[in-house]
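[1] Got a sequence here, can you build the structure:
(one chain, ligands or ions: 2)
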Amino acid sequence: MTILVTGGCGYIGSHTVWALADRGETVVVLDNLSTGFDWAIPPEVTLVRGDIGDATLLDRIITTQGIDAIIHFAGSIIVPESVVDPLAYYYNNTVKSRDLMAAAVRNGVENFVFSSTAAVYGNPEVIPVPEDVPLRPVSPYGSSKLMTEIMLADTARAHDFRYAALRYFNVAGADPKGRTGQSTKGATHLIKVACEAHLGVRSEIQVFGTDYDTPDGTGVRDYIHVADLAEAHVLALGHLRATETSLVANCGYGRGFSVLEVLAAVERVTGAKLPVTYGPRRLGDASSIVARVDRIHEKLDWHPQWDDLDTIVGHALAWEKQLLTKNVHR
Ligand SMILES: NC(=O)c1ccc[n+]([C@@H]2O[C@H](COP(=O)([O-])OP(=O)(O)OC[C@H]3O[C@@H](n4cnc5c(N)ncnc54)[C@H](O)[C@@H]3O)[C@@H](O)[C@H]2O)c1
Ligand SMILES: O=c1ccn([C@@H]2O[C@H](COP(=O)(O)OP(=O)(O)O[C@H]3O[C@H](CO)[C@H](O)[C@H](O)[C@H]3O)[C@@H](O)[C@H]2O)c(=O)[nH]1
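    Ligands and ions are numbered 1, 2, ... in the order given. A predicted model of the protein is given here:
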């Protein structure tokens, strides 16, 4: 049984590929390296450089490699970019996910794990937000992922096909063993940007909006360590194989931190003041999103190992220092 991991050279994908390899699973990665890195995965894992929209390539990989499951990370991930260029997001995230699902159905691949997002909730009325509230994304990015979830549910009703849609909240940190991390150039994620600002890779970090309806006026998010998230994928795949039932689950810790609390954690971990400026709200940003997490604990028996903001920041910072010496963005 071989697992096809799309987007496996990216941030979350590479952590999951390492987690699968650590358990002796056989993995093939399909990645077009638009934002990923070939060195981010274990050397023994097969990498096919190509696009998830390439039906001929997909048929060839699935039939020649004996694929029984697909974990689908490939996609475009920047919320404000999706506001500016929505059709690019619907193409890469929605249309091409449909192509990948069609290849799965055509070739009898019955297990499909999908990277969904808390962005499907928009500005939820209930916090922590459970999975079964009405979904009202506020960005094309969130809509592109919701549309994929809808396609997955319909496909599972029509075919021998089951899926896990994992709705990630804010993913951060890096492999505790230092084998991979978030390497994207020009990343927009708060903890990575703050670490870059600390190391002088950026001149400053700007707080986007101080007038939100939150305790300190800045956006609140549920930050989850990427290694715990990778483990959730391993468990979700086990769930699909063992129970043959689909699952939609939030992936977070069930508690929120504001932007200012995150910046304070970075200052605590580094022992240095950050160069902080304050600016307007960013396009497409929600005020507050925190996960309700009963379901993932109950269905997957998930036991997070790294639920601590300072640990997340520490691992992110250690990786950022490695990136400086690797000089990957030359
Ligand atoms: N990072 C987060 O906080 C977060 C939160 C929620 C959901 N997600 C979702 O998780 C998934 C992975 O995100 P990430 O942070 O690892 O991003 P990333 O940009 O590091 O990884 C995406 C990977 O997909 C590849 N890719 C993109 N389009 C492709 C295509 N058409 N064909 C083949 N490969 C393609 C890229 O080269 C890259 O390796 C995405 O689907 C994203 O929407 C991420
Ligand atoms: O330089 C920065 C970067 C971020 N922020 C703030 O920090 C919070 C977190 O922002 P991130 O960019 O780190 O993450 P988002 O919450 O915007 O989005 C992330 O989580 C979403 C789900 O909620 C999506 O899945 C998306 O892919 C993923 O990037 C937000 O309040 C944002 O306004 C800043 O103030 N300054």
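
[2] For S116, list the residues it contacts.
    145-146, 148-149, 165-168, 248 (Cβ atoms under 8 Å, 6 or more residues apart in numbering). Glycine gets a C-beta too; all of them are placed from N, C-alpha and C.

[3] Show me what it is bridged to.
    Residues in a beta bridge with S116, per DSSP bridges, are R167.

[4] Could you check how many residues crowd around the closest residue to ligand 2 within the stretch 201-330 of the chain?
    Closest to ligand 2 within the stretch 201-330 of the chain is G219: 2.3 Å, counting by Cβ to the nearest ligand atom. Neighbours of G219 under the rule other Cβ atoms under 10 Å: 26.

[5] Wait, it touches G284, no?
    No. Here G219 does not reach G284: they are 11.6 Å apart, not a contact under Cβ atoms under 8 Å.

[6] Please work out the average pLDDT along the strand or helix carrying V83.
    Using DSSP states H and E, V83 maps to helix 79-84. Summarised as a single mean, pLDDT over helix 79-84 is 90.

[7] Can you tell me the element V113 falls in?
    Going by DSSP H and E, V113 is part of strand 111-117.

[8] now E131
    Since the elements are taken from DSSP H and E, E131 ends up inside neither a helix nor a strand.

[9] The closest residue to it other than its chain neighbours in helix, strand or coil?
    Of all residues not flanking E131 in the chain, V248 sits nearest, at 5.3 Å (Cβ to Cβ, 6 or more residues apart in numbering). When classified by DSSP: H, G, I helix; E, B strand; the rest coil, V248 comes out as strand.

[10] which secondary element of the protein has the worst mean pLDDT?
    Scoring the helices and strands of the chain by mean pLDDT, DSSP states H and E places helix 79-84 at the bottom, with a mean of 90.

[11] right, quick check: that one against ligand 2, any contact?
    Yes. Using Cβ under 6 Å from any ligand atom, helix 79-84 reaches ligand 2 at V79.

[12] for stretch 291-309, same thing?
    No. Stretch 291-309 is not in contact with ligand 2 by Cβ under 6 Å from any ligand atom; minimum separation 9.5 Å.

[13] roughly how far is that stretch from the heart of the chain?
    In terms of Cα atoms, centre = their mean, to the nearest Å, the centre of stretch 291-309 is found 16 Å from the chain centre.

[14] So for it, what gets flagged as buried?
    291-293, 295-296, 299-300, 302, 304, 306-307, 309 (16 or more other Cβ atoms under 10 Å).

[15] Of those, which belong to helices?
    295-296, 299-300, 309 (DSSP state H).

[16] ok so, going back, turn the contacts of S116 into CSV, columns for neighbour count and distance to A197.
    Shown next, in CSV, are those (neighbours: other Cβ atoms under 10 Å; distance: Cβ to Cβ, whole Å):
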residue, neighbour count, distance to A197
K145, 30, 29
L146, 21, 33
T148, 26, 33
E149, 19, 35
A165, 25, 34
L166, 24, 30
R167, 24, 29
Y168, 21, 24
V248, 19, 36
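
[17] May I see the residues you listed organised as a markdown table, with distance to H189 added?
    Converted to a markdown table, those look like this (distance: Cβ to Cβ, whole Å):
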| residue | distance to H189 |
| --- | --- |
| K145 | 17 |
| L146 | 21 |
| T148 | 21 |
| E149 | 22 |
| A165 | 21 |
| L166 | 18 |
| R167 | 17 |
| Y168 | 12 |
| V248 | 24 |
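
[18] from those, which is closest to S14?
    For these, the closest approach to S14 (Cβ to Cβ) belongs to Y168, at 14.9 Å.

[19] near ligand 1 at all, stretch 90-103?
    Yes. Residues of stretch 90-103 contacting ligand 1 under Cβ under 6 Å from any ligand atom: 92, 96.

[20] Can I get that stretch in CSV, CA atoms only?
    This file holds the C-alpha atoms of stretch 90-103, laid out as CSV (Å, rounded to 0.1, in the frame of the first residue of the first chain):
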residue,chain,number,x,y,z
TYR,A,90,-10.4,28.6,-7.6
TYR,A,91,-8.3,27.0,-10.4
ASN,A,92,-5.5,25.7,-8.3
ASN,A,93,-7.5,24.8,-5.2
THR,A,94,-10.9,23.8,-6.5
VAL,A,95,-10.7,22.8,-10.1
LYS,A,96,-7.5,20.9,-9.7
SER,A,97,-8.8,19.2,-6.5
ARG,A,98,-11.7,18.0,-8.6
ASP,A,99,-9.2,16.6,-11.2
LEU,A,100,-7.4,14.8,-8.4
MET,A,101,-10.6,13.3,-7.0
ALA,A,102,-11.6,12.2,-10.5
ALA,A,103,-8.3,10.4,-10.9
